[in-house]
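[1] need the 3D shape of this:
(one chain, ligands or ions: 1)
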Amino acid sequence: MKRLIIYSRGRLSAFGYAFRGAYDLLVNHAPSKIHILAFLGMMLICWVLDFPLWKWVAVLMCSGMVLAAEALNTAVEYVVDLVSPDYHVLAGKAKDVAAGAVLFTAVFSGIVALLLIGDALFN
Ligand SMILES: Nc1ncnc2c1ncn2[C@@H]1O[C@H](COP(=O)(O)OP(=O)(O)OP(=O)(O)O)[C@@H](O)[C@H]1O
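    So this is what the prediction gives:
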């Protein structure tokens, strides 16, 4: 029982750390605010165009994917700034590739959004 309580406390702390990271991401990083705005805009479009459930699910999955990629990109930036504050070609590549991950998710999410909206408007 005691072990279970200690384990549960550890898991709860981990949740706390995750929320602290999410708060840091959303409050201190301008790109995240843009993603949140895009997400809210898409939620509004889903509601106005009366999207069926599967379209809401697609939009939520894409939005979660973009935010998760932005979180990982920010984590990479933190670590690179920590271990390589001076210029290094690999530090630059690490940041560029991490940013590329965000770009991939954003571009494909944009395409999904266009397809869903186009389908609603023209079919
Ligand atoms: N230590 C470094 N060594 C080499 N190149 C770096 C280094 N730090 C940054 N760079 C280059 O500068 C670019 C911008 O880095 P920066 O840390 O400003 O990230 P950013 O993309 O502006 O971050 P944000 O997502 O917060 O706007 C990187 O993508 C990388 O090409």
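
[2] my guess is A106 contacts M65. True?
    No. A106 sits out of contact with M65 when judged by Cβ atoms under 8 Å, with a separation of 9.3 Å. C-beta: built from backbone N, CA, C; applies to glycine.

[3] next, H29: phi, psi?
    H29 adopts backbone torsions of phi -120, psi 110, taken as degrees, to the nearest 10.

[4] return the set of buried residues in the helix or strand harbouring D24.
    Taking DSSP states H and E as the definition, one finds D24 inside helix 2-28. When neighbours are counted by 16 or more other Cβ atoms under 10 Å, the buried residues of helix 2-28 are found to be L25.

[5] counting by contacts, list what it packs against.
    Other elements packing on helix 2-28 under the criterion 3 or more Cβ pairs under 8 Å, 6 or more residues apart in numbering; DSSP states H and E are helix 30-48, helix 53-83.

[6] give me whichever of these is most buried.
    Mean neighbour count (mean count of other Cβ atoms under 10 Å) peaks for helix 53-83 among those, with a mean of 16.

[7] that one close to the ligand?
    Yes. Looking at helix 53-83 against the ligand by Cβ under 6 Å from any ligand atom, the contacts come from E77.

[8] immediately after that helix, which helix or strand?
    Moving toward the C-terminus from helix 53-83, the first helix or strand encountered (DSSP H and E) is helix 89-122.

[9] please identify the buried residues of that next one?
    Neighbour-count burial for helix 89-122 flags 91, 94-95, 98-99, 101-102, 105-106, 109, 112-113, 116-117, 120 (criterion: 16+ other Cβ under 10 Å).

[10] state the mean pLDDT of that helix.
    Averaging pLDDT along helix 89-122 yields 97.
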